[in-house]
Each structure stands twice: as C-alpha cells, then as structure tokens.
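> Quick one: sequence plus predicted model below, questions after.
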Amino acid sequence: MTLSHPIRFDDLTVNFDDRFQLNHINWQIEPQQHWVITGTNGAGKSALAAVLTGAGDIVSGTLDGIAPSAGITPRVGLVSFEAQAVLIETERKKDDADIMDVISEGTPVYEILFEDCQDIALAKELADKFDLTKLLDRSFRKLSTGESRKVMLIRALASKPDLLVLDEPFDGLDTHSLAMLQAHLQTLIKTVPMVMVLNRFDEFPEFITHIAYIDQGQLQLQVQRDDATAFDELYKLLHLKTTDLTVPAPDPDTQTPALNPGEPLVRLTDLTIKYDDKKIIDRLNWTVEPNQHWQLSGPNGSGKTGLLSIINGDHPQCYVNDIFVFGFKRGSGESIWQIKQFIGYVSTALQWEYKGTTGLRNVILSGFHDSNGLYTRCTDRQKTIANEWLALLGMSDRGDEIFSKLSYGDQRLLLIARAMVKHPPLLILDEPCLGLDDMNRQMVLALIEKICAGSGISVIYVNHHPEDKIKGIENYISLG
Amino acid sequence: MSNNYFNTLPLREQLEQLAKCRFMDISEFPDGVEALKGKKIVVIGCGAQGLAQGMNLRDSGCDVSYTLRQAAIDEKRQSWKSATENGFTVGTYEELIPTADVVLNLTPDKQHTAVVNAIMPLMKQGACLSYSHGFNIVEEGMKIRDDLTVIMVAPKCPGSEVRNEYVRGFGVPTLIAVHEDNDPKGEGLALAKAYAVGTGGHKAGVLMSSFIAEVKSDLMGEQTILCGMLQTGSLLCFDKMIEEGIDAGYASKLIQYGWETITEALKYGGVTNMLDRLSNPAKIKCFDLAEELKQIMRPLYNKHQDDIINGTFSRVMMEDWANDDVNLLGWRAETAETAFEKTPAGDVEISEQEYFDNGILMVAMVKAGVELAFETMTAAGIIADSAYYESLHETPLIANTIARKKLYEMNATISDTAEYGCYLYNHACLPLLADFMKDIKTDVIGKGLKLDDLGVDNARLIEVNAELRAHPVEAIGTVLRGHMADMKKIV
Ligand SMILES: NC(=O)c1ccc[n+]([C@@H]2O[C@H](COP(=O)([O-])OP(=O)(O)OC[C@H]3O[C@@H](n4cnc5c(N)ncnc54)[C@H](OP(=O)(O)O)[C@@H]3O)[C@@H](O)[C@H]2O)c1
C-alpha cells in the first residue's frame, strides 16, 4: 500500500516536552514527492521529521494524512539517532531492571529485526547485504553504533512502510553500505514517499523533489529541486549557517587607530535635524558605548537614515550639531575619512549607488578604503582577506564577476562583507533586509548573526520587522 | 576696459605658458591638506562649483564659509539656501572677506571683474585668491594686488560630479596653476596642491598647468567638440532623419541618448574603442565619413583656435556682455525652437548596440570633432595631456547632459562662455556641412547599413584600424586612462 492522500500540516504548532517547539508549520507532502528537510543544528529538522511519526504534542493547528483514518493507519518507517537512542536506552534499562542473579544477555539482534517484521524475506536479504547475518545472535546492545544503525535501517525498510522518514540515514555508514542503501532507496521511489533529514547538499539523492528549510522551529522556505536559482541560494544559505568558518581576521597593516575604551563611540547631544523649518529630529540625546548593540526603529520619515548619516559623516548638518564620534568633536578639523574608518555601513542606498562595474573581490577590498569603487592599490594580504570573505559567502570562484550582475541578495551579502572587512568598532546596518525575499533575508541575517557573535563590534541595526530579529541585541531606540 | 593679459606677453613667454602641463603622480601629495589647515577659507558664490567644492573641502577637514552678494542674502536666493541648509556660515563680503586666508572665487566668469573689484580691497594682506577658471586673469587682464597669491584649481567636471566622486572616495581630474605674477611668498603651489587634495582631485589625477594653457584649451574644447559639435550634430542628424521619413520620436530618441551611449565607449577606450563597436563595414564607412568631415571642418577649428589665442573671441563675447547679452539670449531662444528640441523622444526600445549601428554618422562626428580639437590645440602649442582632457575626456560628460534634457540642459549646465562659443560654432558649422549632408542617407543615420554580408577588404580594414590607433589622442589617452584604470583594476 502506498500513501494515497497528501500529508497536510495546517498551521501546526507542536511542543516537545517544553524543550522545543515547532511553530505554525504549513506543509504538504504529496504521494509522489520526496523531501529533504534541512537547516542548522537545533533548527528543528529532526523534530519536524519526528512529527511525521507521531512525536510531540500538538498545541494548535491540524495534521492530516498520517493519523488512522477509515480504519487504516499508514505505516511510517523511521530511522533516526533519536529512535536509535531510545532503542538502545530501552535495552540498557532491561539490563538495569534485571533484579535476578542471572546476567542478561540482552535482546538478540534477530529478535529486534524480525519481530513485528512485515517482510521477513526482505529483512533477511538486507541483513545479508549489510553484513549483519553473522551478528544475528549477538545482543543488540553490544553492536557498534554503525551496526545498530543498520539494524534500524533494515527494520524501517522491511516494514512495508507507507512513508519513510530517514533522519541523517547516511551518517556513519561505510561506503559499501552507503552505496547499497542508496541503490535500495532508488527501487522505492515510485512507491514510497520519503522525507529525509540531510545537512550536506552533496548527499541529496537524485530523486529528491523538494527541500524544506527550517530555522528556529519555523518552516522558513520550501524549494523545488528543479528551481536551479532557488536551490543554489539555499545552498549558500546553508553554507553560511552551517560551516564553522569564522569571520576572516582583520588586516594588521591597516588597523584603525586605537580608541579610548573609556569613551563612548558616539555621543549625540541635543541633535536636531531640520529641512527648511521642519524638524525631523528634535533634541535627541544618544550615546553608543563600545560593545553595545542597538536596534533603531521608527516609522518612515522619522529620521532614522538621517541620524545614521550624521554619525557616518555624510549628513551636512553634522557640522551644526554637537556630535562626538570616535574621539572627534565634529567640525574640529577632522576629515570624514577619519570618521568613516571606524564604521562599517550597509544600506539600500549604498547598494543603489555602488559602482556597478566593480568586481566582487574589489567591492570587498573597497571596504578597506571606505570607497564606493576601488581606487587605491591593495596589498596581497588584503586580497587574501577578501578571498576569505568570498569563501565565507560561498562565492570563492566568483571574485572577478561584476557587482551589478549579481542578484540583489548577493549584492547585499557582499556589501556586508565590505563593511566588515576592516573589523570596524561600529557596524551600521540600515534595514539590511529591505527588499530581500525570504531566502535572501535568511542569508543576510545568518551572516549578521555570525558577525555579532564574533568580535568586539558594536552594531546599530535599523529595521521595523520584528521577525528579522538578531540575536544579541539588547538596546532599543525608537524615533518619531 | 579690459586688457588681454596673454596679448601683453612676449611670444617666447606665450609659448612657454601654453606649453605648461605636467601630470602629477599621487605620490606628489604626501602633505594632504596640511597647507590649508588652520586657514580660513571663504567661498564667494554657492552655485554648481561653489557648493560642491566647499562641501568637499569641509569634509576634508578645512574651515569653509560662504560669502554672497547682499541681494542673494536678503532675498534668500537658492545660493543662500544651499549654503545655509548645508550648515555653512554665510555672511556679507564685509563680514567674511577680511577674515579669509583663502578666498575662492566661484561666481560666473562674467561677474569676475565686478566681484574681484568688490572683494579685493577687503582682503587680508598676503591672503590667497583662487579661481576655477582663468578667464578673468587671462582674457580680461585683471590685475590682482601684489601682496596676494593667485592660484587656480579647476576641476574638469561639472559640480555635481565633483561632489559625487568625492563622496565615493575618489575625485575628478583637476588642473592646478599658479599665476606667476602673483606669488609673492612662493606658497601658491603648496596651496593649490592642498586645495586639490581637499576636493579629492589628487586621486583622479592632477595636471600642473598655467592660467593661460587652461583658458586657451578650455575655451577651445568647450566651443568646438564638446558643445558645438554635439549641438550641430544633433540638429543636422535630426533634420536628415525627418527628411528621410524616419519616425520623429525614434529620431529624437536616437540622438538624445545616442551621444551618451556612443561616448561611453569613448570614455572607456578612446576613439578606437568607439569605432570598434561598429561592424567592420560600418567602421570603414564611419572612418571615411569622419575623414571627409575633418577636411571640411578643419578651417573652422583653426578659426576658433586662432580667435581664442588672439583674444578675438573673448573681445566679441564681452561686447555682448556689455550689450545685455542680446546675442546670447537670442541664440538660446533660437535653439529652443529647433525641431529636435521640440520633438520629444518616442517610446521606443533602442538597444545599446543599435545606437552605434544606426548612428554611424554621429560616431563619425564625435571622432572628427575630438581629433580636430585635439590636433588644433596641440598645433597651437598646448600639451597633449591638456588637450586630451579638454576634448575627449569631457565629451561623455557633456553628452550626459543632452541625455537628460537635450540641448536645453546642455546649455543650462555649461558656462555662459561655453554656451556663447557653442552658438558661434553652430552658426558657422551648419552651412559648412550643408553640401556634405545632401549625400547622407539613412544607412548612416537612422537605419544602419543592414548588410547581409559583413565582408570587407582585409587590406582596407587593416589600414583603417592602424590609422585609428595611430592618432596621437589615442596614445596620450591610453596613458591617462591607464592612470585611472590602474586604480580600478587593482588585481
Ligand atoms: N560648471 C562647470 O562645469 C565648471 C567647471 C570648472 C570650472 N568652473 C568655473 O567655476 C566658476 C563658477 O562656475 P559655476 O558653474 O559654479 O557657476 P554657477 O553655478 O552659475 O554659480 C555662480 C554662483 O555665483 C553667484 N553669483 C552670480 N553672480 C554674482 C555676482 N555678481 N556677485 C556675487 N555672486 C554672484 C550665484 O549666486 P546668486 O546669483 O544667488 O548670487 C551662484 O551661487 C566659474 O569660474 C566657472 O568657469 C565651472
């Protein structure tokens, strides 16, 4: 029997012992589809897979298609570390619970394999292929992790499943077994829909038709395998989220002058910005201390961008206000380049203005000089650093491509790298997700989180979308 | 009455001044704006150049304020608004000029005599007076007090570019000069260099030149290839296309945006690259047309250069100034009434390549104009670097203004001097090209060659390519563009 109806998640919220919660999942698995669920560690991939096997407590919403209906309960074959752990734990408990003098040998493998088995012949065949035959009499708990994983696999495959849920099924398998498993799965694609949890894109089997991306307990993105652009972007996103790459080091030869740690980075006293006679900002006082992260919000026209460009030195009214930035009182003979060296700046306006003909590597390098376009020679070390940033963005082989030819989201990522390349004491992100689609928003937020978590950089983050939160921001200022 | 300064010099000195021009390397500016630190800069006028230069200087750490004529302050004119809204101190001549160490005269050239006469008595002993164009000194023979230092810092771009490029972290090519009659303390060069750094010019290339070379080359470039040729070319090409039955909207668009598109290729790779954008048969056709044009127009270019060198041009123009600009205003109105100006660009799609393919004559006009202007200037003793900036380099910048709002925008953006010279050129050039235009058909303007067979004679193509590349404007262009390309293409 195969699945005849789709499995439908309708605004489903599932709680797992208050440890974790999946929120508002909307998802549909059609009989002929094969999904991969992907995401970072702790994002909720395994939880989502486990919901398909009945795990968790439904808080709200509905789940159709796998509960018993019309007297038939769809059979779900499950392989996962969790399930494996549970089985092993149960076996161990049997031991502990043994109050008799006889030392328990534990449940033998054949019992685990063939008890409740729907297709003994297949189980035998697979056990043979997986080289388990000689271990059938052994106690299950004496098996190695890899061996017990194979047992789990055989149990799932030989259960005549209506749906296979395979959470990282390839982990810990030797090449021979891996090839064997993949070949076997291939024979099932016409009859059994599969949902796999996989992290590595290169492990995605050919027959996968859809990818679900989950983050922080929410199903953020659903991508069709044959949508090449979306697939590629998802790859980059995952790359950003999962690789252990740290933010490339600064360039020791172009360190910004040391700041007095006792002084604030920015101190605005009674800041007033006005156009004609209309005051956009009226006597604002604001101090940004080293290592503070700020979120700045306010409706359109409340002066957010004006405020930032006062700090950045781009706003002419910085000369008629009492502004202290990075040790300078503005208008005391400093140049804007002396100010800008301490700031990394990203905004939509910058993206629009950025010189289109610049190559990607040069866009990053221009961050060393705070220029829009590159006009100064760079050292080999700086080029190496720029290449490391390209690698971090998953764009290693694209350094010579032209900025304007890039997708909007990629441009944004690149400008963030440009802002960060010099490790400024202050990073200003003016609506960094503005105009980005879901996927690109995720990518940008992933990159920013990576940066925030890193070094002693203060971030001023402007946005008015609560869902675009960044971990670690603890100060809020609101205009208008 | 004014006294042409150039004409008072002995020939030996005239030639020496005309030939003054040296490209300065960025390494020659290690002191940055140091020479201006602690000095009070007062800008007279807050127009295109005044606002842009003042903002750049302030952002480079200089102390900048503005002085405007009384009426501009009282009436809160645009110049007053620009200065105050941008947070500058604005004051009258009496209030600010006496406090100034450096005075930047950025009023229109026509006003220079009156402005300088008004402020000179107020200037501090030993202060510096700066210009962005040398017309007043060279053509009007303005005598500046002996104790004052007189310098010139002339960005080779419109004010908007001066500001935009600075904000990007770059700058625009800039010409600097010291008026040798007025350099009592020998600090003119140091001040001019610091000023060029303050506006960002040093990053894009500075030409160390003379007041005379700047004026005589600037006038020549602007009235011939830059504005004159584009105006005459626009009118002729448009009328021809209409005569040949091409849709007026299409014709209007092809010209309005065509100059910008084809000169973009010029900007990146000179005349050679502009012609390389054509198919081989079109290139040969274009080359031949340009040769013919050059032959017809050469006497006109010579006349313009001669009139500029011997002062006829400025004398005649100044007569019009004295006559309430009757000619200038009349010609401006005349331009507004031309068919090209009055026909809006049609809502048709024209691809980038199509501007080349269907605008062979326009390409030929740009080639002929650039080469003639360059040849005439260098023949008059102006150094190639200077001649390059005043011809080829600026052509795309002027073409951009036509793309924005046709000839009206071009003439509004350029100085009155350029506008006046442009009309002179146009009036002489239109009849000069009348016969030539009779033989022109839509294959070179409007429709393109439309050939099935793009074959050409090898020997002829080799000859054309070689001649294109051998022109002296290409040699100096490669060097000067190289300075900028180097910076851009670092890897
Ligand atoms: N535009 C260019 O592309 C360019 C390039 C290089 C060099 N330059 C040179 O830069 C200088 C300034 O040119 P521009 O194009 O910037 O001029 P502009 O835009 O016309 O500005 C002239 C300014 O001077 C003021 N002004 C006019 N007549 C005046 C008078 N009689 N007394 C005092 N102030 C007066 C005007 O303000 P009010 O009328 O409100 O008083 C205005 O603010 C010229 O020497 C020009 O040759 C220009």
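Perfect, I can see it now.
> In space, what's closest to B:V206 - neighbours in sequence excluded?
B:M24 (4.4 Å; C-beta to C-beta, 6 or more residues apart in numbering or on different chains). To be clear about C-beta, it is placed using only N, CA and C from the backbone, and glycine gets the same treatment.
> who's in contact with the one you found?
Residues counted as contacts of B:M24 (C-beta atoms under 8 Å, 6 or more residues apart in numbering or on different chains) are B:202, B:205-208.
> tell me which of those residues is nearest to B:G126?
Of all those, B:G126 sits closest to B:M208, with 23.3 Å by C-beta to C-beta.
> quick one, phi/psi of the closest one?
phi -90, psi 110 (degrees, to the nearest 10).
> quick one: what helix or strand has the closest residue to it other than its chain neighbours in it?
The spatially closest residue to B:M208, leaving aside those adjacent along the chain, is B:R22, at 4.6 Å (C-beta to C-beta, 6+ apart). In this assignment (DSSP states H and E), B:R22 forms part of strand B:21-24.
> Which helix or strand lies directly C-terminal to that strand?
Sequence order places strand B:40-44 as the next helix or strand after strand B:21-24, per DSSP H and E.
> ok, that following strand: who's next to it in the sheet?
strand B:63-67 (parallel), strand B:102-105 (parallel) (DSSP bridges).
> Format those as JSON lines; extra columns: distance to A:G39 and mean neighbour count.
Listed next are the strands paired with strand B:40-44 as JSON lines, based on distance: least, C-beta to C-beta, whole Å; neighbours: other C-beta atoms under 10 Å in any protein chain shown:
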{"stretch": "strand B:63-67", "distance to A:G39": "55", "mean neighbour count": "24"}
{"stretch": "strand B:102-105", "distance to A:G39": "61", "mean neighbour count": "26"}
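> Can you lay out these as JSON lines showing mean pLDDT?
Shown next, in JSON lines, are those (pLDDT from 0 to 100):
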{"stretch": "strand B:63-67", "mean pLDDT": "98"}
{"stretch": "strand B:102-105", "mean pLDDT": "98"}
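> Mind checking those strands for the one nearest to the ligand?
strand B:102-105 (7.1 Å; C-beta to the nearest ligand atom).
> Return that closest one as CSV; C-alpha atoms alone will do.
Taking C-alpha atoms only, strand B:102-105 is exported to CSV below (Å, rounded to 0.1, in the frame of the first residue of the first chain):
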residue,chain,number,x,y,z
VAL,B,102,42.0,81.9,1.1
VAL,B,103,39.2,83.3,-1.0
LEU,B,104,37.7,81.0,-3.6
ASN,B,105,36.0,83.0,-6.4
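> tell me which residues in the following helix or strand past it are buried?
Later in the chain than strand B:102-105, the nearest helix or strand by DSSP H and E is helix B:112-119. Across helix B:112-119, burial judged by 16 or more other C-beta atoms under 10 Å in any protein chain shown covers B:112-113, B:115-116, B:119.
> circling back to that earlier point, as CSV, the strands paired with strand B:40-44 with distance to A:N199 would be great.
Listed next are the strands paired with strand B:40-44 as CSV, based on distance: least, C-beta to C-beta, whole Å:
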stretch, distance to A:N199
strand B:63-67, 58
strand B:102-105, 63
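> Identify whichever of these lies nearest to A:I66.
Of all those, it is strand B:63-67 that lies closest to A:I66, at 73.7 Å by C-beta to C-beta.
> what distance separates the closest one from the middle of the whole chain?
A distance of 26 Å separates the C-alpha centroid of strand B:63-67 from that of its chain, computed with C-alpha atoms, centre = their mean, to the nearest Å.
> ok so, going back, which of the buried residues of helix B:112-119 come close to the ligand?
For the ligand, the contacts drawn from the buried residues of helix B:112-119 by C-beta under 6 Å from any ligand atom are B:V115.
> From A:A212, how far off is A:Q32?
A:Q32 is 16 Å from A:A212, where distance means C-beta to C-beta, to the nearest Å.
> Neighbour count for those two, which is higher?
A:A212 (22 against 13; other C-beta atoms under 10 Å in any protein chain shown).
> hang on, the more buried one in a helix?
No - counting by DSSP: H, G, I helix; E, B strand; the rest coil, A:A212 is not part of a helix but strand.
> Excluding chain neighbours, give the residue nearest to it in space.
A:I37 (4.8 Å).
> Could you pull up phi and psi at the one you found?
phi -100, psi 130.
> Quick one, grab the pLDDT at A:F130.
Predicted confidence (pLDDT) at A:F130: the value is 87.
> which SSE is the residue of the stretch 201-350 of chain B found nearest the ligand in?
Closest residue of the stretch 201-350 of chain B to the ligand, C-beta to the nearest ligand atom: B:D218 (8.1 Å). In this structure, B:D218 sits in helix B:211-221 according to DSSP H and E.
> in chain A, what residue is nearest the ligand?
A:P316 (16.6 Å).
> Show the contacting residues for that residue.
Counting by C-beta under 8 Å, 6+ apart, A:P316 makes contact with B:55, B:85-87.
> all helices of chain A, in order?
A:45-51, A:81-97, A:109-114, A:120-129, A:145-157, A:175-188, A:228-242, A:304-312, A:336-340, A:348-353, A:360-366, A:380-392, A:408-420, A:438-454 (DSSP state H).
> quick check: domain ranges of chain B?
Listed domain ranges for chain B are B:21-209, B:213-487 (source: automatic domain parsing).
> what is the mean pLDDT for the longest one?
Okay, so that is domain B:213-487. Domain B:213-487 comes out with an average pLDDT of 94.
> Which residue comes closest to the residue of chain A found nearest chain B once chain neighbours are left out?
The nearest approach of chain A to chain B comes at A:S371, 2.7 Å away (C-beta to the nearest C-beta). In space, and not counting its chain neighbours, A:S371 is closest to B:G169: 2.7 Å by C-beta to C-beta, 6+ apart.
> The one you found contacts A:Y375, doesn't it?
Yes - using C-beta atoms under 8 Å, B:G169 and A:Y375 qualify as a contacting pair, with a distance of 6.5 Å.
> which residues are in contact with both of these two?
Common contact partners of B:G169 and A:Y375 (C-beta under 8 Å, 6+ apart): A:369, B:203.
> Neighbour count: these two, which is higher?
Each of B:G169 and A:Y375 has its neighbours counted (other C-beta under 10 Å); A:Y375 has more, 23 against 20.
> How much space separates the more buried one from A:A212?
Look at A:Y375 and A:A212: by C-beta to C-beta, they are 45 Å apart.
> Pipe the contacts of A:P316 into JSON lines and attach secondary structure, pLDDT and distance to A:I310 per row.
Below are these laid out as JSON lines (DSSP: H, G, I helix; E, B strand; the rest coil; pLDDT from 0 to 100; distance: C-beta to C-beta, whole Å):
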{"residue": "B:M55", "secondary structure": "helix", "pLDDT": "98", "distance to A:I310": "15"}
{"residue": "B:E85", "secondary structure": "helix", "pLDDT": "90", "distance to A:I310": "15"}
{"residue": "B:N86", "secondary structure": "coil", "pLDDT": "94", "distance to A:I310": "13"}
{"residue": "B:G87", "secondary structure": "coil", "pLDDT": "93", "distance to A:I310": "11"}
